[in-house]
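Visitor: just a sequence and a predicted model for now, questions to come.
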Number of protein chains: 8
Amino acid sequence: MDKTFIIDEERKQRIGFDEVIYGASKSVALLKNILKEYSDKNENVLVTKLQEDKAKVLLKIYKNAFYETDSGIFTLANIKIEENGSAKVGIISAGSSDIGVANEAYYTLSYMGVQSRIIHDVGVAGLHRLLNKLEELKTFDVLIVVAGFEGALPTVIGGLLPQPIIGVPTSVGYGSAKEGETALHAMLTSCANGITVVNIDNGYGAAMSAFRMIKLLNK
Amino acid sequence: MDKTFIIDEERKQRIGFDEVIYGASKSVALLKNILKEYSDKNENVLVTKLQEDKAKVLLKIYKNAFYETDSGIFTLANIKIEENGSAKVGIISAGSSDIGVANEAYYTLSYMGVQSRIIHDVGVAGLHRLLNKLEELKTFDVLIVVAGFEGALPTVIGGLLPQPIIGVPTSVGYGSAKEGETALHAMLTSCANGITVVNIDNGYGAAMSAFRMIKLLNK
Amino acid sequence: MDKTFIIDEERKQRIGFDEVIYGASKSVALLKNILKEYSDKNENVLVTKLQEDKAKVLLKIYKNAFYETDSGIFTLANIKIEENGSAKVGIISAGSSDIGVANEAYYTLSYMGVQSRIIHDVGVAGLHRLLNKLEELKTFDVLIVVAGFEGALPTVIGGLLPQPIIGVPTSVGYGSAKEGETALHAMLTSCANGITVVNIDNGYGAAMSAFRMIKLLNK
Amino acid sequence: MDKTFIIDEERKQRIGFDEVIYGASKSVALLKNILKEYSDKNENVLVTKLQEDKAKVLLKIYKNAFYETDSGIFTLANIKIEENGSAKVGIISAGSSDIGVANEAYYTLSYMGVQSRIIHDVGVAGLHRLLNKLEELKTFDVLIVVAGFEGALPTVIGGLLPQPIIGVPTSVGYGSAKEGETALHAMLTSCANGITVVNIDNGYGAAMSAFRMIKLLNK
Amino acid sequence: MDKTFIIDEERKQRIGFDEVIYGASKSVALLKNILKEYSDKNENVLVTKLQEDKAKVLLKIYKNAFYETDSGIFTLANIKIEENGSAKVGIISAGSSDIGVANEAYYTLSYMGVQSRIIHDVGVAGLHRLLNKLEELKTFDVLIVVAGFEGALPTVIGGLLPQPIIGVPTSVGYGSAKEGETALHAMLTSCANGITVVNIDNGYGAAMSAFRMIKLLNK
Amino acid sequence: MDKTFIIDEERKQRIGFDEVIYGASKSVALLKNILKEYSDKNENVLVTKLQEDKAKVLLKIYKNAFYETDSGIFTLANIKIEENGSAKVGIISAGSSDIGVANEAYYTLSYMGVQSRIIHDVGVAGLHRLLNKLEELKTFDVLIVVAGFEGALPTVIGGLLPQPIIGVPTSVGYGSAKEGETALHAMLTSCANGITVVNIDNGYGAAMSAFRMIKLLNK
Amino acid sequence: MDKTFIIDEERKQRIGFDEVIYGASKSVALLKNILKEYSDKNENVLVTKLQEDKAKVLLKIYKNAFYETDSGIFTLANIKIEENGSAKVGIISAGSSDIGVANEAYYTLSYMGVQSRIIHDVGVAGLHRLLNKLEELKTFDVLIVVAGFEGALPTVIGGLLPQPIIGVPTSVGYGSAKEGETALHAMLTSCANGITVVNIDNGYGAAMSAFRMIKLLNK
Amino acid sequence: MDKTFIIDEERKQRIGFDEVIYGASKSVALLKNILKEYSDKNENVLVTKLQEDKAKVLLKIYKNAFYETDSGIFTLANIKIEENGSAKVGIISAGSSDIGVANEAYYTLSYMGVQSRIIHDVGVAGLHRLLNKLEELKTFDVLIVVAGFEGALPTVIGGLLPQPIIGVPTSVGYGSAKEGETALHAMLTSCANGITVVNIDNGYGAAMSAFRMIKLLNK
């Protein structure tokens, strides 16, 4: 039978970055084949949402690979990552349960050569923790705001700060949190202006959106 | 055929207030019969969610009745309403589109003999409008917080103030607002502690809940 | 990397109680750090929805900690809990499957210094069990009503008793019970007046709402 | 073009009753054709959910037809309806807003030659109104229970009475009532035993189910 | 602490049958207490939806108990079950995957002293299997029709046979089957007349409804 | 400002048919511009889901245009439609309320030069009406099956006949019919094999699918 | 009673733009008050989603106001709008039914002093229309992509072009389009990387997000 | 007790293929009985969605059986499969995570004697991979298009190619992918013409639909 995947070779040329592998629903056998092909071509590869048991098998094969448990990010940097200018992304997380998604954004940005920093645990139930960080938050070029439960944090930040804001709803919460749907819809219907949103738990997608914006500055 | 409604005569004795008539899905003919029965017994009656065209017919019959358009509240005060102590309810609304629901709470509390005041248009997109009112808000015994769109306001207030807080989601918004469902679920899954919630657009229910709490103070 | 959580130090001052830790989605490593920080400051801490396997690890470290399996409540009382007056909360449960959520409310109230008592298994399918308890129920200041399946219990109680009533829908049931959604929506759209509602399975939230109401009496 | 409907001629023989016409989504032109065909064959016909404007046109043609506005029931009795024994159906309605659906059940049963009686406005928020009627309710062979909002009434009755119980959720209510879905799911997941349910607002279907049960007695 | 359950002692007198225990969400410890109480009172008890591992523990204690794996039905017959007349229930299942739910109905009826028989695997994709059974189906007093996937079977039977029909949707299927919701809603909105419906996978509830109907014949 | 639509000129070459205009959400002004452009190029055009008031305006301009009210189909045949071989499509409708959608399929097929015939009102509640037509149904090459309510008809036909079957759920019904969603999901999860489905009320889409299949025969 | 709205005076200072008025759910009386307050302060004001009948009343009062029917955008420019640099936004619409939402984005950007251009009717069913425009699309700094039905357009563009992409799902379509929900969720779960999304029909929100990004270039 | 399944013996005669066994929800014991019956009659049998652990047991009994892990397809070919002409089905998959569903279609078609070929990993995020295959795709008689996430691939192909297209949404993705619901609804509401759709993950159903179409060519 034929090869079951095809590397999109011209993607970097078209849009400035390579394909990324969604790890959650691929077998170890398939992932091994994909990693081998990238390594043979001496290209870097980023795998997202990779389960720990599958990561362990791959880490044994590729000693220089990187894997972070909370986020499920797996990277294989066959060539050195080039820096993407001096712009900086702020990743703001509402609670310490959101750490996996915040890390997913952080490590994706690292892989793309973009600087970022996570501001942890500044949810709106303790508003002063957020207000204390406002001066620091003003220094970032783009803000990624990660929140579960009712997802109110991007709305509050959207009323306080002028940068592009990418809301990332997380599946943290239970019952009416509906595995992140409530936070997602709350961010989409925010009374604050000009907030954009990515899929539930999609720290990776938020990072790629931020990357597209940062590229504006480097034109 | 038999009478199609039965007044629950002992309700006031049991729970401290009379039946209330849900006006939205009753015909004018039926409402006339109900109002007549209450008037004949010289009792007060409150009708909620009454459409304007139906209200106009009833107002012609009962010259002393009261009707407010934005809220759809209709009252017929055949006997004087007694005051319920000095406790005071604050009704906080996120935006000026929420005025109908805020008014529904306000006029219901009036009808129950409870003092209240509406604090208009202090949504979280302009956080300073809210922070400027904090001292005033501290003076209320119970807070009713009315918000549509993403419904973040009760969460922010819940982190700032110690009183009982009743969130009222409204059907203001479109698309992901889902006619109030998003605000409802956001309030239910709030990261702030100890917020309770009533049905979408249910200013009346919030007022009745506040009334039950105020009664605690009068025991 | 920075600390991934920030204690909201002034919360007690603002709203009368400290932060509470949502345990379900935090790793043991993160929970250890958080407990250590609270212990170092000699403060009490309450963890909710904590899974048994994680609790066992923490109980080995903190010998004086308390954990209850059905509810997942974990507490570490570094300082003595002060009583909150003589007011008393009644926790009414519809069936014996609701015991975990009822216990969550009970142990949270204990932690807050509020007296309460659980009235078990008085669901509406056996109405006389409930009617037999009416005199006892009248003695409580606030009622928390816990019910799964169709969630009818708060509606029936709301028509019989005058106190503030906090409905807690539970995820007990299958099929059309929709993991608690049906009970939740039934409570929100109750034909009884003045019932408020908290999130599915949120015994903790109901307790905190009751606490806010009890504080009214102590002003 | 061909005739756009086909009378199911043998249905009465098979299942004991004729076809019924769902009027809501048929044009007046189509309804005229259908009524003419039934009249030409000298058969009775029942039309459900018929809008008032369309009914008015048909009533002008068939002077002996019957139409009831609240329920939208339209009947044309070309031959005398035969009685179906002495069994009797009780139709219990939770509130006076449910009158249209209760009437739909009542007039359908009349058309089928079955005796019934509506017990109005005995919703659970005023439990004593229901308890006062218990002795009367025991005299019926089958109970149809009509309720909107949270739909708790069949559950309470199911715990008190032994007859077959058919729950009919209505679309009365707003917000979390979800146009009858909440009442529907609440009845389906009732903690009372042996309740069956029909579609939202389907008084007609409840009557036909009751008719099938009554036929058991006449075998 | 108090006992966490209360036997509803007068239920049999009121509605003709005892309480039934929902086993799925109760701990073994709680179930042991409940069974002991029933045994001490020398009463029968029926437990539904009991998981196999929990059943095994209980079967070791009560050697004379009965447990059936596919349905999760557990019964403890401390006193002899009395026959309920000669009426007979037909349980019709659409496919062999529906066997657990059909068995739940069957064993519940046995426990209630009602005769029944399962007609297996006559789904509408092979219509002739059903048509071949029509004569047999006519001999039952009440029909319980169990179907997953699109749930069309009760509709087809409803057009062919005159008896009371209780549809039981099952959670068999995937994707658009939505764990039984599609079959449930299809049965509720059936174009056939007079079908009633119970909750998804609720073979027990269907049996209890049939029992209520059978009792009509014994009056 | 630029032209707000662009004719996809090569579509016919690529896939064998021209663009079709979705009329429901376009203004009369926009539709006029589009029709003019097609007429100027001497091309045929099909508009779907066109409301009657808008159609009336356009019919005044294009005297030779065709409009059918039940379906909302509007066509402007500037050039003669060529026949597409002798293959024939059977359009089967469950009830006379489904006539609009059946007509949409019929007139679309006419416009595409494909022969078809509507078999009306053979829903499964009167199975013999369908069985009487089986021999006729065997003569069609492709079957389009239109049904609302529970949408069981394609399932029954799928078990009886070997042709390609395209199910079209309609929005006929109320309550649990969920504006066609129940019929849609029922068709998708049919226990019969090899049925395909199109969008709710999408008679046009079913016709285009049938057209693609008919083209197979003409290769 | 108090004023029912409060202008957020410092918003421009904080985030670079003023409050915007959501017109859909405000009465004409309220809108008059708001416009008067802005005019008295000699400030500009933008009203979104304003219905035509309400706009007509306001246009009579403010002769220099601007209103566009398809989008419902109403602006009152009391002071001259300043240009925001030379960056340019491309607004790409999938079909001519999406014109209202595309216009909403366009006129909002004008109001904010940002240049933009609408590329109409390049939906993926006619891929070549899109591929023909690729060179032009590369010249924009930010892309807003407006699409209803299945919402595939942002995904295709996301694989072809490197700029920041803001997807705007529209409520164009019927049945499974679910008033825009399907397009919304499709955009959120796009297999293309780095697409962000705003609420259904929220052309205004997309414009504000683009504005935040354009501001990056002007720092 | 009776046999719990009935082979539909005349199905092949009626519709050209035998029954197929849905393996996911049947016990090993039941499957053994079914396989034995088919083997005893020397007939072929296809089991779908069979879990690996159950397959292993059956493979030990039937050494000549075939099982494929990714798809869960299990076949027992007791008699030789006859070829169904020269027509050929193209199975196009959007990503390598869709391999299980693509294989399910492939192996079902093999079992039916129809030739097919899988074109892997040509999702729309890398459009050129698809455009490179267009000439090959034109050679197939019917196209099955398998896609998860936003499900855009059938829409793009529907605008490029004239054959019958069967969309198969897969449950690949997370959050807003809603376990395949988003892809399903996107395919149903596609702006491309004449696409039909089967249930989520239903590669088997797509193959059977293709088989019905291929049969057209063999008449």
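Guide: Done, it's in. If you're wondering where the values come from, they're calculated on a predicted model, not measured in any experiment.
Visitor: and the residue of chain A found nearest chain D, what's its pLDDT?
Guide: Taking Cβ to the nearest Cβ, chain D has its nearest neighbour within chain A at A:Ser176, 11.2 Å off. Backbone N, C-alpha and C define where each C-beta goes, glycine included. pLDDT for A:Ser176: 97.
Visitor: hang on, it packs against B:Thr182?
Guide: No. If you go by Cβ atoms under 8 Å, A:Ser176 and B:Thr182 don't touch, sitting 10.4 Å apart.
Visitor: what sits in contact with each of those two?
Guide: A:Thr182 (Cβ atoms under 8 Å, 6 or more residues apart in numbering or on different chains).
Visitor: residues in contact with stretch A:101-109: which ones?
Guide: Here stretch A:101-109 makes contact (Cβ under 8 Å, 6+ apart) with A:46, A:48, A:66, A:68, A:70-73, A:75, A:89, A:91, A:93, A:115-116, A:118, A:120, A:144, A:146, A:168, A:170, A:201-204, A:206-208, A:210-211.
Visitor: stretch A:42-57 too?
Guide: Against stretch A:42-57 from outside (Cβ under 8 Å, 6+ apart): A:18, A:20-24, A:28, A:31, A:34-35, A:38, A:58, A:67, A:69, A:72-79, A:81, A:104, A:108, A:111, A:204, H:174.
Visitor: in the lowest-mean-pLDDT helix or strand in chain A, which residues are buried?
Guide: None of the helices or strands of chain A scores lower by mean pLDDT, DSSP states H and E than helix A:11-15, at a mean of 83. By neighbour count on 16 or more other Cβ atoms under 10 Å in any protein chain shown, the buried set for helix A:11-15 is A:11, A:14-15.
Visitor: reformat those residues as TSV; add distance to F:Lys54.
Guide: Shown next, in TSV, are the buried residues of helix A:11-15 (distance: Cβ to Cβ, whole Å):
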residue	distance to F:Lys54
A:Arg11	44
A:Arg14	42
A:Ile15	41
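Visitor: could you list which of those residues also contact chain H?
Guide: Among the buried residues of helix A:11-15, the ones lying near chain H by Cβ under 8 Å from any Cβ of the partner chain are A:Arg11.
Visitor: touching chain G at all, the longest helix belonging to chain A?
Guide: Assignment by DSSP state H gives helix A:203-217 as the longest helix of chain A. Yes. Using Cβ under 8 Å from any Cβ, helix A:203-217 reaches chain G at A:205, A:207-209, A:211-213, A:215-217.
Visitor: cool, stretch A:120-127 as well?
Guide: No. Between stretch A:120-127 and chain G, judged by Cβ under 8 Å from any Cβ, nothing touches; the nearest distance is 15.6 Å.
Visitor: close to chain H: what parts of chain A are there?
Guide: So chain A meets chain H at A:1-6, A:8, A:10-11, A:19, A:22, A:24-27, A:30, A:34, A:49, A:169, A:171, A:179-180, A:184, A:199-202 (Cβ under 8 Å from any Cβ).
Visitor: narrow these to just the buried residues.
Guide: A:4-6, A:8, A:11, A:19, A:22, A:25-26, A:30, A:34, A:49, A:169, A:171, A:179-180, A:184, A:199-202.
Visitor: pLDDT of stretch A:63-74, averaged?
Guide: Mean predicted lDDT for stretch A:63-74 stands at 95.
Visitor: stretch A:193-203 too?
Guide: 97.
Visitor: next, the distance between the ends of stretch A:111-126.
Guide: 33 Å (Cα to Cα, to the nearest Å).
Visitor: in that stretch, which residues are buried?
Guide: A:111-112, A:114-126.
Visitor: do you know the pLDDT at whatever residue of chain A ends up closest to chain F?
Guide: Taking Cβ to the nearest Cβ, chain F has its nearest neighbour within chain A at A:Glu181, 18.2 Å off. A:Glu181 is assigned a pLDDT of 98 by the prediction.
Visitor: ditto for A:Ile34
Guide: The pLDDT attached to A:Ile34 in the predicted structure is 94.
Visitor: among the buried ones among the residues of chain A next to chain H, which ones are in helices?
Guide: Using DSSP H, those in helices are A:11, A:30, A:34, A:184.
Visitor: for A:Gly126, grab phi and psi.
Guide: Taking degrees, to the nearest 10, you get phi -130, psi 70 for the backbone angles of A:Gly126.
Visitor: residues touching the nearest residue to it once chain neighbours are set aside, list them.
Guide: Spatial nearest neighbour of A:Gly126, excluding adjacent residues (Cβ to Cβ, 6 or more residues apart in numbering or on different chains): C:Asp8 at 3.3 Å. For C:Asp8, the contact set (Cβ under 8 Å, 6+ apart) comprises A:125-126, A:128-129, C:18-19.
Visitor: make it 10 Å
Guide: A:121-123, A:125-129, B:159, C:14-15, C:18-19 (Cβ atoms under 10 Å, 6 or more residues apart in numbering or on different chains).
Visitor: now do the strands in chain A.
Guide: Taking DSSP state E as the test, the strands found in chain A are A:21-22, A:45-48, A:66-68, A:73-76, A:88-93, A:115-119, A:142-147, A:165-169, A:195-197.
Visitor: which among those strands is found nearest to H:Gly194?
Guide: Ranking those by their distance to H:Gly194 (criterion: Cβ to Cβ) puts strand A:21-22 first, at 30.3 Å.
Visitor: run me through the strand neighbours of the closest one, direction for each.
Guide: In the sheet, strand A:21-22 lines up against strand A:45-48 (parallel) (DSSP bridges).
Visitor: over the strand it pairs with, what's the mean pLDDT, rounded is fine.
Guide: Rounded mean pLDDT across strand A:45-48 is 96.
Visitor: only C-alpha atoms, please: export that strand in PDB.
Guide: Provided in PDB are the C-alpha atoms of strand A:45-48 (Å, rounded to 0.1, in the frame of the first residue of the first chain):
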ATOM      1  CA  VAL A  45       9.300  18.900  13.400                       C
ATOM      2  CA  LEU A  46       6.700  19.800  16.000                       C
ATOM      3  CA  VAL A  47       4.200  17.300  17.300                       C
ATOM      4  CA  THR A  48       1.200  18.500  19.400                       C
END
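Visitor: domains of chain A?
Guide: A:11-75, A:89-218 (automatic domain parsing).
Visitor: from the chain's centroid, how far away is the first one?
Guide: In terms of Cα atoms, centre = their mean, to the nearest Å, the gap separating the centre of domain A:11-75 from the centre of its chain is 15 Å.
Visitor: straight-line length of that domain, end to end?
Guide: Length of domain A:11-75, first residue to last, Cα to Cα: 18 Å.
Visitor: now do A:Val142 against A:Gly90, distance only.
Guide: 7 Å (Cβ to Cβ, to the nearest Å).
Visitor: identify the contacts common to these two.
Guide: With Cβ under 10 Å, 6+ apart, A:Val142 and A:Gly90 have common neighbours A:116, A:163, A:165, A:210.
Visitor: between A:Val142 and A:Gly90, tell me which one has more neighbours.
Guide: Neighbour tally, A:Val142 and A:Gly90, criterion other Cβ atoms under 10 Å in any protein chain shown: the higher count belongs to A:Val142, 30 against 24.
Visitor: which residues touch that one?
Guide: A:87-91, A:109, A:114, A:116, A:163-166, A:206-207, A:209-214, A:216-217, G:164, G:212-213, G:216.
Visitor: now with 8 Å, please.
Guide: A:87, A:89-90, A:163-164, A:166, A:210, A:213-214, G:216.
Visitor: show me what contacts the nearest residue to A:Leu46 once chain neighbours are set aside?
Guide: Distances taken as Cβ to Cβ, 6+ apart put A:Val20 closest to A:Leu46, at 4.8 Å, once the chain neighbours are dropped. Shown in contact with A:Val20 (Cβ under 8 Å, 6+ apart): A:45-48, A:204, G:193.
Visitor: burial check on the closest residue to A:Thr196 other than its chain neighbours, number of neighbours?
Guide: The shortest distance from A:Thr196 to any non-neighbouring residue, by Cβ to Cβ, 6+ apart, is to G:Thr196 (3.4 Å). Neighbour count for G:Thr196, taken as other Cβ under 10 Å: 29.
Visitor: need the pLDDT of A:Ile79.
Guide: 83.
Visitor: what about it, neighbour count?
Guide: Using other Cβ under 10 Å, A:Ile79 is surrounded by 8 other residues.
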